[in-house]
Every structure is written in C-alpha cells, then in structure tokens.
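Novice: Sequence first, predicted coordinates after that:
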Amino acid sequence: MASRNYLVMSGDMSLMEKKEYRLNALAAGLERCGLKGIGDINADVPNLQPIPLANKKSRVQLIHDYIMTGQWPRSIDQRELAPLTDFGAAPLAAAQDSWLTVALAVGGVVSALNALAAYTLLVGKLMVCYGVSVESPIVPMPVSRLIFRRGGALGNIIAQFDMEQLGVRWEPDAFFSEAVVIDPQELFAIQVLGRAVVAAGARVHVHNFLFETSGLVVA
C-alpha cells in the first residue's frame, strides 16, 4: 500500500475543512476534464488557457478560486455516479443500483458495487472519488480494506485505504488523503476486503463527483 493513501476521519475535520476538501476534489476533476476532452474548461474559466498543462497545481488552484466564487464552468455538468446508466455494461437489476457488496467473508475480496466485478465509465464521463462511508448490519466494521484497481478486478492497485480505523473509532465516514481519479473508458475496480461474515453484504459508499459534458443528462 502506498504510504500516501490513508483516511482522514470526518470527526477530525471542521465544516470549513470538509468544504475546502470537496472544492479541491471538484477543481482537480475539472482540470482533468480538460485533458480528457470533456467540455471546454479553458474557455469556461478566465485566465486558465495561458497556464501550461504541465503546471497542474496552478491550473487546479485557479479553477478552485473560480468555483469558490459560486461560478461553474458552462460546458461541464457534475453529479454523483448512477451505476445503472454510467457504466459501459449495466447491472442486471435495479435493486443493484447502489453501493452494496455481495455477501462478505473473512479475507474475501469483493466488488463494492455488487453488480459488476469491474467497471468502465462511458465515453465523456470522468469520476473523482474523495471519501467513504459504511453502513452494515454488524458493528463495528465489516471490511478491512478499500482497494482501487486499474485494469480490472485483478489489475494494478492504484490506491488502498485501511478501513479498520473507522471501526476502532466508531466513525461511519472518512475522506481520502488523496482523491482517486477514474478516466473515461478506463477499466477499473473498486473492491473491499472482508473482515467478518455478513450474509446481507454491506453498503460501502464511495463518495464521488462525476463529470460530463453539459446537457448530456437531465436529472
């Protein structure tokens, strides 16, 4: 597990810190949209185009300051993931339109979204994952790890978070030390490592921002 990946307990953060973290995640996602051809962030945000793509920090900061004023890029929409419609292969049942795992077993690795072992976002959609919360019929914590992989269920681990500290502290919610970005049409998996037997599974909700070209979806 990379040392930079850890959880920041929600209870240790002020409301302002939580707001700032979400703003940073939004800004990072919008900057990434510019690299992936989603919308036209350079035209939407004043003074962004002259900043080189290589200067990511300055670009993200300018976007952050722009949206902090209450403005939003006109060419990009943002919402949360809708599993039934945002993946290249849709789940089989509407009941699976949630962050519900299959039955958990000690030491077993399963998908955080039980409908699919791995996922691919449709063309023109990009996701930034920034936190996690857990709801389970058992206490204090049904899973040991939250794992992000690139390349499918057996792909390379790009981020991994220790979930047991949530149970130790009896906290249901935490932020990632570093947001995880999922690009359009990238095969990826979000998995959990079980630490208890839970026949009904557990809801391990990964907090996310999904970005797409403006006007594609009307909610």
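Specialist: Noted; the coordinates are in hand.
Novice: so Leu166, which of the three states?
Specialist: Classification of Leu166 by DSSP: H, G, I helix; E, B strand; the rest coil places it in helix.
Novice: any idea whether the residue lying closest to it once chain neighbours are set aside is helix, strand or coil?
Specialist: Spatial nearest neighbour of Leu166, chain neighbours left out: Met141 (5.5 Å); criterion: CB to CB, 6 or more residues apart in numbering. Heads up, the C-betas are built off the backbone N, CA and C, glycines and all. Following three-state DSSP, we place Met141 in the coil state.
Novice: Test my guess that Met141 contacts Glu171.
Specialist: No - Met141 is beyond contact range of Glu171, at 9.5 Å (criterion: CB atoms under 8 Å).
Novice: quick one, which of these two is more surrounded?
Specialist: A count of neighbours by other CB atoms under 10 Å puts Met141 above the other of Met141 and Glu171, at 21 against 18.
Novice: quick one: contacts for that one?
Specialist: If you count contacts by CB atoms under 8 Å, 6 or more residues apart in numbering, Met141 has them with Val134, Met163, Glu164, Leu166, Gly167, Val168, Arg195, Ala196.
Novice: Filter the residues you listed down to the buried ones.
Specialist: Val134, Met163, Leu166, Gly167, Arg195, Ala196 (16 or more other CB atoms under 10 Å).
Novice: How about the host helix or strand of Val128, which residues are buried there?
Specialist: Using DSSP states H and E, the element containing Val128 is strand 125-135. The neighbour-count criterion (16+ other CB under 10 Å) identifies Lys125, Leu126, Met127, Val128, Cys129, Tyr130, Gly131, Val132, Ser133, Val134 as the buried residues of strand 125-135.
Novice: out of those residues, who's nearest Ile157?
Specialist: Nearest to Ile157 among the buried residues of strand 125-135, counting by CB to CB, is Cys129 at 14.2 Å.
Novice: For the strand or helix carrying Val192, which helices and strands make contact with it?
Specialist: Element membership of Val192, judged by DSSP H and E, is strand 187-194. Judged by 3 or more CB pairs under 8 Å, 6 or more residues apart in numbering; DSSP states H and E, strand 187-194 is in contact with strand 109-111, strand 119-120, strand 143-150.
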